[in-house]
Each structure stands twice: as structure tokens, then as C-alpha cells.
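Undergrad: can't give you the sequence, but here's the structure:
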């Protein structure tokens, strides 16, 4: 965990500080609260303008879809799923890093998570909101979407529990609920701080209501810590289950390229991978813009990069296993699909995906690269691209050349498809921008707990215990 | 015109509201709709006495719509009431009292005759509440025997085509204005009179005439106007074969072939299974020789052809041969048998022997590039199956080839297969090239006073070399009688709308020994008249002579006077006539004309060299839009071409080698030039074509067909050349060049290069197609079952037990020729929408059954496997368990059901269907296609009321015609009988001329389908997936 460089005395026993520069507690509060207490800059509004435009494009594309039908998309028979489900899986995946960081790392007492947990969790919620849209809008008749819920009717018509899409409904809604609760509970002390800091009456009233009468009393803290750990415990299995269930959408089918048992772990790894990619992308910007480099330190980025490298290799393993199993099974249909992925109509997509998800992250072996913000940023962007393509390749290539050659047909996305994709990014970043200016993007209370002075001890390196 | 219905509704609605509020009679008097009070009286006499004795129109002063409907459907066949169009009769109101002969919800069936082409097959029309909704073959008809081709099936859509002509029109400057029939008739009659008195010709141009009564009408017309001359044409005719016959045998016509008795069929550039002659009959007879139970009589089909035709697809041995070399082939074969083997008495005929000098099989093999072994094997077969083989040359080959073929058939003893029971009948011979040229000359010199186009479109059809359309401008009066606008109608002064088949009376005689009757099943929808009635009115010389019953009466009186007496029946005429109409067929004794022996002199005189340089253009008729007459029929435009699977277009098909030579690929535009006539059209690379041949289909590129048919494809009619060195349709010495630019052709199957090693033979490796040879089957009847062993999965689950009826289907791939009649039958039965070229391009066609075509072998010599693919109704259907809302689930009788109103459109079922037979309503296709063209009245009337019209966002698929199954069950329940599932016929099965489809109850051991499920050749597609399909395929056997 320690830095190694020539010409320095190396102290392996001591980890670098989680918050740099030993700031005062009030400085931490000031700098975290600053974005919501100062007037946004012109640049902020420009950024918001861009994301809102993207959102508007999405709304228009959606309007066309609702008015004319799914025919506005590139979907066809055999490729009955296209961009919408790709986007769904992509956004669900993005959410996973947040839960992993906030819940799993919390349970494992990884204290470095505090600096990034809040933002990652917020991203989880926004990503799941984006994701949740797609199963709804991809329906041929979205006005009957309520049919997927087990609502008792006089006719006795019931949902089909065998269908992975029904499991999805429950998995995603549970995930969203738990994530929202977890995020909100964690926010309460900070909301109280904001309430106490603000002089604006309206803001005060809002923070007042949201902070639910938090008074920083010892009893409050006791309850808070218990609830937080319980919710972390609840959220942790969701990290594994949600994307496993999403992967069942494919694994449960009989299609070559979908019908594989490796899918659940493969999808979970992919989700964490893409999530970390997105967290890196956004945090690199946020820490710079909001001057939070001393809280979200280089060390944090380094750690995230290492996690990214690890899950990248898990993803790479899955990429290797897929063709291996296809070959080993001796099934000519599976094997043909593998060859088609590598050499067929979507070969470019496949190789860009492999490059972005497997080859490029290997650069993270090098510390110099992990510590080079520019390169890290580019790598994180490429991971986002690669992971979107991964879902696209999985969905489209398995469908476009399946069992009967007579039915083969390629999928060509339309402008409406791209419009909706852009719109979902517009929605996500609009929400991120609004969040960044209205709520503390880092947990003030938790960060204070990981400053150097917070844990006075005479045992060197005790911080790690 | 398109908005007539909306306007009409707007006009009508307030009237009814007013009536209700004022408490007046809800039912409006029909009388007030009548424009002409005098016509009421005339109509009182339109029914046969005795049939409608209860109804006296004149006494029904306040006639209700109910009574009107009672009249409309009064008896089993005389549904002819009222006077003006149906929509002027007010809103459609459900019956309060049941009219005689009509039970709501129960269809009525009427026998009639289809005139979609010149074959005039017998049809049985299904009507619901007075509305025809489906056309099937008439079982009683001796030719088509209960089956009808794709065109005939789809012709019902033409009846309801919103763009049909509705009123007579007169040219007014560059546009047309509506006129009354009186004005139009008066004007035409005076023009005819002045032409006749001025000694100017009255040219009546029609297509094939095969109604004896209509012939009499023409005779009447000619008797009244002395200068009447009749002309008849067809885009493709068998005139060359017939003239060759006449030269060879002195008189008569080429006989019908007993295909069902043939052991060896050698087809020379003939598409007898596709679009030459009566393909429904020929398919049935041919397929009867492909019975896997009678291997001894299993025929062998050898095809020599240039393009890849439907017949070629089915060949056991298909050899690529340029059309010019067909003559050499026949001569070489003759040389082999007559000169070399001396197996014929013609070996003594010096003239014949001399003519055959210089031809030999070896030499032919060299010039044609065909493997000599193939030819030798054919020769040995010919020798072996003496008296049981037939050599059949195509319509498009020149007379001399046909004469040589006649001799070859004599030599081989194939004349034994010439049918003696019936002969084709002819009312009016096709006009010859010389006649057309003379007509055009007279037209140009002002010697033609009137041209009447009688349901014909010569401006579009005739070879441009005749100069017909420019000559037409010099004719003072041009009258066109047609159902819808055409290239000819727009250059006419008078356009008179005529009845659809289903609104007409007639009789037809296509062969000796029987008449086929045509009766209307619906009152004319518009102010149209039957074309014979129009001519008859003119023949009387008085426009007032017309009444609705004119031709009907004429037809009946001719039958009463001329035909009925000769029958010498014990029953009265009326009974005879009703039973004739009921059957649709009248059989009588008629001995076919005999012919003389073969005249060898005819043969000798034909020797000439036929080799030519350059490219050869081979024109053929479109399989589905025919000569272009069906261009405005969306179902047919969207029906995939049997070979190439291209929809909505024609193209220049070339072999892969020729494509390379021309440096073109799919969609590249090429310019084809034949003796100055040029045409630019896209290329399609067709495996198995002869090199240096360009095959183009006619019937496309219409400019005045209507919204659907306009500018679909390219008008290759312009390439026809009546003065060509070969024939009008096969044009050697053409120039073909790449022009640059592309035009996208759209097909329902992707073009896979069949030499791509990854895709090659995939249909076999994946267990989609299983086939073998007759020999293989003979030596090891279980060879398919042995193949199946590998892929048979095992399951740890117990199968669901189906008690009672379990529906299943079996398709004999041995019999399926790929004619696609099943696809259209399914379209009509199940209200399948037309989606248009743009949607087929993105693979959203909606047909529930498709015919998959797979190539194997090499691109040069491919073999083709066909497979009708529809929902397999799997027992363990993968689509069912993935639907979140249980919109697709299984019925206790084994159906994979689709619940439209529960479906939310996740499309997951389609993804998980290995057969990709599910269809999704990506749009509301009825709105989407051409600005709601098929929602314009009266197009929606074609819909089958038993089948839901699916909305946007809903998945659909083949249901095994569940509406028919439920109906059958209901009927059995009502009659208190046990339901065994026998006797139920599904739409595709009903249409299949080859009887390749068997349907029924798999749990009934006596049912046909249960037996076929246990057949040695039976297998399931993609069996390894263990979805337990219920469509059994019987492997194809090739007789190689």
C-alpha cells in the first residue's frame, strides 16, 4: 500500500493518509458544502445546458417511439432486442460500483471508501433510474406495463413466474429501494449539517425536513450506525443478485451465446467493472472542479484503478471462457456464433470491446499510469465504451445469426435508437449535476472520521485494523 | 375518390341522428336513394321466378334494410339486388331477423371461376354475411381439384382494392371526369356506328378468351358492327408449342400431358411447376409421382435451363444450358436414338437422318460444357423408361425446338403420355405478329375508328417494336374496359369500370368435356358493369338496353337453348341450372379432336443454326404479379419470390461467373440492351444460372397500376422483341454493361455465399434439413432415423400427457415445390397485413408461414432444399416460459397459444424462438403502409371476421388456424358427437396443390398425421434443442 520510490526512506508500516494535508474539521465542512452554498459558475450552467439538450433529444426520440411504435427503432425479427436492452444492462451495471463501494467496502472496513461512497451511491440511484426506464419503453405496448406486476384480477390472470423478466422487475425495484434508503440514511447527518450551516430560509426548511430532526446526539449516532450496517448488509447480496438476475434474461434462454452458466458471475464482474469506470470518470472531474483533491486523493484513484484492473481480468477470464466452452461443447451452433462475433458483421464492435475491456486496463499495472489523471480519465472513458459495447455484442450478435440461417438478419440502429441512448446519458448527467450542486457529494461526517486526527493511537498502522 | 367514405359518413351521420331525435322511422326508405325511379320497376324482374316469390319489390314501398339484405342474399346463388353502390344504402346495421340462407357467423360457400389468369380454375368462395372473404379451389373442378394458386387466393384483395374504378369516366383534357353510363354508352355506340358505316375498323383487344358465351357476345357485336375485329394476346403464350404441333401433326393443339404417369420428365427451359400452363394441376400430377410409399413409380425430373426456375429448384438433375443450345440438345438426343442406336423407325427416314447429321452427344457436351456423363445417364434413362418418359419444351422456346421435341417424344414412345381424355379448348386464337403489325399500320393510316380494350392492357404488354401506343393516338375513339386504371386506360377517351370476378356471371371452357361456371357472390360494389353486359348493350345499339340482369339472362338463355337440350337430362332446366351453379362445373361428353401421325417433313425443314454471340436475355413472367395485372395487390408484391426470396422488385439475374465478368454484385445497376431497347435495372447474382444469360421477370415497372403497384420494379416489357432471331421472350445477342450506381433489392432471406465454408451445408449440420436419395431409402429405410439418433436429447422431466385431441402437422418435403400458395392462403385467412418494401428491408415481414430455401453444392451447380417454416407448436415451447405476462401459453390440445390482448410486447418470446417464426407488429402496419392504404374503404372488408386484427406492439404467429379448430370443436359439441379432430383443414393445407401438408389429431392413431409422425422419413427441425416440436417434416428424397 505504500509508495515506493528511489531515494526515499520507505515506511511500509504506515499507509498514506486518507485525507491529505491534515485539514481542520471546519475546512472539510466548508469545502464539501461549498458547491451547494455558492452560486454555480457559468461553466456549470453550460454543462447543464448540454446535458439538458441531450435529455431533450431523448425525450423527442421517445415521443416518436410512443407515437409510432417500436418500429422507429432498428429492432427486427430475429433481432427483437437492440439498444433498449443494451442500455438497460449497461445502466444497471453502472449502478453496481456504487453499491459495492458503499456497502461491501463498508462491511470490509475499507475506510478509503468514505471519500467516494456518497457520489458512487448517488450514481447508483441515477443509473438505476436510467436503467429502469428501458424495460418500460422497450415494450410494444408500454401502456400495459402494469401487467408485469402480480396484481390480482377477476380473470385470475397471473404473471409468469418462470420468466426472467418478472424476476427483473423484482430485482431492479428491490435494488432501487434499498439503494435509495441506504443513500438517504447516510445523508441524514450531512443534511443536518447543511441545515445548520445555511442562512437561506427555503433551503433551511428543505434541509430541515430532509434531516428528520437529526441533532447529532449520541443516541442518534447509535441508531444510525446500526441501521447503516444493517442496510449495508442488505445491499451487499444485491450487488451479486441484481446483475445475476439481469444475466438470467440471457442465460435462461436457449440461444447460442446467451445460454451459458458463466453469465451471472460474468455479468456481476462486468457490472462492477463498468461501474468503477463510470465512478472514475465522474470523480476525476468532480474532485478537480470542486477542489476536493485533498479528500479524493490520488491514493483513492490508485485504489479504484487497482479494483478496476482486478475486475477487468475477471471480465477477461469470462471472455476467454465463452469461446472455450463453445469449442469444448462441440456444438457447431455455439462455435459458429463465437466465430461470427469475432469475424462477422459486428466484428469491429467485438474487437473494440475486447481492446477497451481487456487490453487497455492492463496499463493499470503501472503505477505511473494509475497516477496520471489524464490517462486514467481516458482509460475510464474507454471502459465505459467497451462495457456498453459488450452488452450490445452479447445481445445483437447472439440474435442476428441464431439457429435457422433462413431467418438471419442484421440489426442497424436508427437515429431514434441513438436519440434514446443520448437521452439516457442526458438524464444521468443532468441528475449528477443537480446532485453535485444541492447535496454534499462527500460524506462530511464520515470523512472527518478518517482524518489523521480522528483515530489517535500509539500503535503505528493501527488504522488498518 | 380516396376520401369518398369519410365524406359519405359525414353526410350520413347527421341524417340518422335527426331521425332518432324526431322519432321518425329509423329505417330509411331505400327509394329515396334511387336516382332513377324507372329503374325500380326494372329491378323487380331481376330475380328468378319462384326463388323470390315472396318479395315483390314494387310492393315494398317502405323497404327496410333488413328486407334489402334478405333480398341481397335471397337464395343460394342469386345475390343480385339493389341498383347503386353499397355505401349509398346507408349504415350497416346488424340483422334483426335472420335472412333466408344466411346465418350470422356461419359462412356460405359459392362455386365460381377464377379469371386471375387464362387457366380459369374452379373456385369455392367463402362469404360471411354476404361478404366474400376467401377463395379456395373447387373440389369438383376436374383440373385444379380443390386447389388454387397464390394469385387466385390473393385475387380477393383486388375486389376490395380502394383504387378500383367506380364510375365511367371520360377524358377531359389531361384528366378524367365521371360520367353516367348512359352518356358513355351513347357516345361509344355512336362511335361504333359511325366507324362501322364509314368502313373503319373496330378493333377489340382482349386477353385470352375462354368463355363460350362471351364469344357469342363478341359475335353479336361483330354482327351488329361489321368492321369489328377481335385481337387477343397474352404476355406469355404457348403459341409456339401449338404451332409446332400443327406443323408436326396437321391439326389440333398440343395435348395435355399425363405427368402422373411419367417416370422421367425432361424439362427444357420449361417452368411447368411455376408459371407455365395450369401449374396447380401440373404440380398435383407431378407430385403424385414423388410418393415415398411408391418408390417404384418415383419419377426423375431432369431440367435443362438457363435461369433458376421453380421447376429447376425441384429437379433431381439440373443442367445449366443457354436457351439457344436447347435445339442442339434435342437434336443430339435424336441423333443418339435415331442414328446411333437406331431404336426408331425414323432411322429409315433419310430426311430425318440427314437433318441429324452433325449432331452428337459428344459434340453437344463439348459446346455446352455439360458433363458428358450426365447426358449419358439421361440417355440411358430415356432408353430404360421408354413409353414412360416425357420431354417437355418451354413456352418461350421457338417453334423448331418444339417440332424437334415432338419427334423426340415420338422416338421415345413418350406419346403414350399424351392425354387422350381431354384437350385444351380454344375460343379465339392469339393474334399473330403479322396481325398486330397490320393493325398498327391501319391505326396509323387512320383506318381504325374505334379501339376497345376489353380488360386488357396492350400499351403496357405489347412489345414496344409494334409501336402500338403511338398508333393509338391516331385512333379517334379509344375505349378501355377495366377494373382499375392502367397504362392503357390513361390514354383512352372512355374508361368504363367493369365487375370483378366475384361480381360477375360467366361460363368458361378451357378444356374439352366440361364447363366451369362463374356466379357473383356479391352485388357490384360500385357503379360497375360486367364487360360482357357492356358489349351486349352496344351490340343492341341502344344504351337503354342495359339492365343489371342483361348478361345473366343472356347466359341463361344460351344455356337453356344451346347446352341444356344437348345434355338430354330428365330434370327441368331450372333444376339443372341450380345444380350446375351449385357445383360450378358441368361435365358432358365431348370427344377430343384426334390428330394425324407425325409429319417428318415438318422436322426436316427446321434445320438452322441457333448459336449467337453476346448475352442472352431470358424474359419470364413474374410468379406472383403475373403479367402485371396483380401489381396493385400488396399481398402478391410482398410474397417472396420462390427462388430468390426478393419482394417488391424484379431484377437482372446473372450467374456468379457472369457477375464477375461484368464486375457487378448484388444491387449494382446494369444496362441491358437488346436491339436498341434499353433497360437499366439492378443485378441479382443467382447461383446455378447458365453463364452469359440474363434472366428478367416481366410484370413490373407499371406506371399506372395504383398506389401499391406503381413504379415497383422495372418495366422489362420494353425488351420484348417480336422480330428477334429467337423468340419474343428469349433474346440472344444482347449487350449488358455495368452503369454504376445501385438499387437496393430486398429479400426475406439474406444472400449467403454458398461457398462460404462457415455457412456451407449449415442446414444439414444443424439438423434443419434432412434428405437423402431414393436409393439410400431403398437400401436403408431407417437412414433418417439413424441420423436422428445423434441429436435426440434425453430429458429427466416427465412429459406432459395430452389426453383427448392433440394437434399436429406433418409436411412432406418430398412434395413441397415452393409454390407459395400456402403463404397467401394464410395471409387471407389470418388477416396478415402488408408491410411494404421498407419494412421487409429491415426484416419485419409479417407472413406466418414462409418457405425457407437453402443452397448446397457449389454456386455453379447448386442443389436446393425447401422447407415451409411455421410455428412448430412445441410441447416445451421456449417462447412460453420467458413471457413475463403469460401472453403465450400452452393449450391442453397442444397448441402454443398467443393471447393478443395480454401481450405487452417484450419480444422475448421471439428472441427465444429457435425457428424465428414469431412476428411483431412494430408499427400499426395497416396505418403504416402507404398512408393507411389498406384502411381505406372497402379494403378492410377483406378481413376474416374470425381472426383478430392485431394492433401495434403485439406479437403474433401461426396458430394452426385456431379459429377453425375451435369451430370444429364447437360444431361437434353442438351435434353431441365425440370430437376426434378429424376433418379439420387448416388454411395452408387447404391451399397446398401438392398436398404436402397433413394436419390432424396426433392422439388419434388412425389419423394421417399420427401415422406420419411415426414415418421412417419423419424428423423434427432442431431436434437437439428438445423443444418437442409438433410439425413433423418428412425428408426429401432425390432420385439421383
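TA: In hand now; what should we look at? Because the structure is a prediction, the values reported are computed rather than measured. Numbering: from 1, shown residues only, chains lettered A, B, ... in the order given.

Undergrad: Check the residue most central in space within chain A and give its pLDDT.
TA: What sits nearest the mean C-alpha location of chain A, by C-alpha atoms, centre = their mean, is residue A:94, with 2.2 Å. On the pLDDT scale, residue A:94 is placed at 90.

Undergrad: need the contact list for it.
TA: With contacts defined as C-beta atoms under 8 Å, 6 or more residues apart in numbering or on different chains, residue A:94 is in contact with A:123, A:124, A:127, A:130, A:131, A:271, A:274, A:275, A:278, A:428. For the C-beta atoms, the positions are set from N, CA and C on the backbone; glycine is no exception.

Undergrad: Show me how far stretch B:517-537 is from its chain's centre.
TA: Stretch B:517-537 has its C-alpha centroid displaced from the chain centroid by 22 Å (C-alpha atoms, centre = their mean, to the nearest Å).

Undergrad: one step back: element containing the residue nearest to the centre of chain A, please.
TA: helix A:83-99 (DSSP states H and E).

Undergrad: Leaving out the residues flanking it, which one is nearest to the residue nearest to the centre of chain A?
TA: residue A:127 (3.9 Å; C-beta to C-beta, 6 or more residues apart in numbering or on different chains).

Undergrad: which ones are touching residue 304?
TA: I'll assume chain A. A:116, A:276, A:279, A:280, A:283.

Undergrad: Please refer instead to chain B.
TA: Residues in contact with residue B:304, defined by C-beta under 8 Å, 6+ apart, are B:266, B:267, B:268, B:269, B:319, B:320, B:321, B:326, B:329.

Undergrad: which residues of the chain score low on pLDDT?
TA: Just so you know, I chose chain A. Counting by pLDDT under 70, the low-confidence segments of chain A come to A:1-14, A:455-465.

Undergrad: wait, I meant chain B there
TA: If you take pLDDT under 70 as the line, chain B has these spans: B:1-95, B:97, B:604-612, B:752-755.

Undergrad: Can you pull up the most central residue in it?
TA: Centre-nearest of chain B using C-alpha atoms, centre = their mean is residue B:151, 2.9 Å out.

Undergrad: Show me what residue of the stretch 1-150 of chain A gets nearest to chain B.
TA: Nearest residue of the stretch 1-150 of chain A to chain B, counting by C-beta to the nearest C-beta: residue A:140, 1.8 Å away.

Undergrad: That residue - that's part of a strand, no?
TA: No: Residue A:140: not assigned to a strand; according to DSSP: H, G, I helix; E, B strand; the rest coil it is coil.

Undergrad: if I read this right, residue B:637 contacts residue B:628, doesn't it?
TA: No: between residue B:637 and residue B:628 there is no contact under C-beta atoms under 8 Å: 11.1 Å.

Undergrad: Give the residues shared as contacts by those two.
TA: In contact with both residue B:637 and residue B:628: residue B:709, using C-beta under 8 Å, 6+ apart.

Undergrad: residues contacting the residue nearest to residue A:257 when sequence neighbours are not counted?
TA: Once flanking residues are discounted, residue A:257 sits nearest to residue A:398: 3.4 Å by C-beta to C-beta, 6+ apart. Contacts for residue A:398 (C-beta under 8 Å, 6+ apart) come out as A:250, A:255, A:256, A:257, A:258, A:337.

Undergrad: what's the burial count for residue A:156?
TA: 6 (other C-beta atoms under 10 Å in any protein chain shown).

Undergrad: and residue A:298, how many residues sit next to it?
TA: Residue A:298 has 17 nearby residues by other C-beta under 10 Å.

Undergrad: distance of it from chain B?
TA: The span separating residue A:298 from chain B equals 46 Å under the rule C-beta to the nearest C-beta, to the nearest Å.

Undergrad: quick one: contacts for the residue nearest to that residue when sequence neighbours are not counted?
TA: For residue A:298, ignoring the flanking residues on the chain, the nearest one in space by C-beta to C-beta, 6+ apart is residue A:371 at 5.8 Å. Applying C-beta under 8 Å, 6+ apart to residue A:371 gives the contacts A:298, A:301, A:302.

Undergrad: try residue B:837
TA: With contacts defined as C-beta under 8 Å, 6+ apart, the neighbours of residue B:837 are B:647, B:648, B:649, B:712, B:746.

Undergrad: ok, the closest residue to the second one other than its chain neighbours to residue B:638 distance?
TA: Which is residue B:648. Distance criterion C-beta to C-beta, 6+ apart; nearest residue to residue B:648, sequence neighbours excluded, is residue B:837 at 4.0 Å. Distance, residue B:837 to residue B:638, using C-beta to C-beta, to the nearest Å: 8 Å.

Undergrad: Domains of chain B: list them as residue ranges, please.
TA: B:25-104, B:239-417, B:615-747, B:762-1038 (automatic domain parsing).

Undergrad: Among these, which comes closest to residue A:404?
TA: Residue A:404 lies closest to domain B:762-1038 among those, at 5.8 Å (C-beta to C-beta).

Undergrad: Which positions in the helix or strand where residue A:447 lies come out as buried?
TA: Element membership for residue A:447 (DSSP H and E) is helix A:444-449. By 16 or more other C-beta atoms under 10 Å in any protein chain shown, the buried positions in helix A:444-449 come out as A:444, A:445, A:446, A:447, A:448.

Undergrad: The contacts of residue B:304 into a markdown table, with extra columns for neighbour count?
TA: Converted to a markdown table, those look like this (neighbours: other C-beta atoms under 10 Å in any protein chain shown):
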| residue | neighbour count |
| --- | --- |
| B:266 | 30 |
| B:267 | 26 |
| B:268 | 24 |
| B:269 | 29 |
| B:319 | 21 |
| B:320 | 22 |
| B:321 | 22 |
| B:326 | 27 |
| B:329 | 29 |
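
Undergrad: Which ones among those map onto strands?
TA: Using DSSP state E, B:266, B:267, B:268, B:319, B:320 are the members of the contacts of residue B:304 that sit in strands.

Undergrad: ok, what's across the strand from the fourth one?
TA: This means residue B:319. residue B:304 (DSSP bridges).

Undergrad: where does residue 136 land in three-state SS?
TA: Because you didn't say which chain, this covers chain A. Applying three-state DSSP: residue A:136 is helix.

Undergrad: Chain B was what I was after
TA: Residue B:136 is classified as strand under three-state DSSP.

Undergrad: What residues does the stretch 801-950 of chain B have near chain A?
TA: Within reach of chain A by C-beta under 8 Å from any C-beta of the partner chain, the stretch 801-950 of chain B has these residues: B:839, B:842-844, B:850, B:852-854, B:867, B:869, B:878, B:881-886, B:889, B:902-908, B:910-912, B:914-916, B:918-924, B:928.

Undergrad: quick one on the thing from earlier: give the residues shared as contacts by residue B:837 and residue B:638.
TA: In contact with both residue B:837 and residue B:638: B:647, B:648, using C-beta under 8 Å, 6+ apart.
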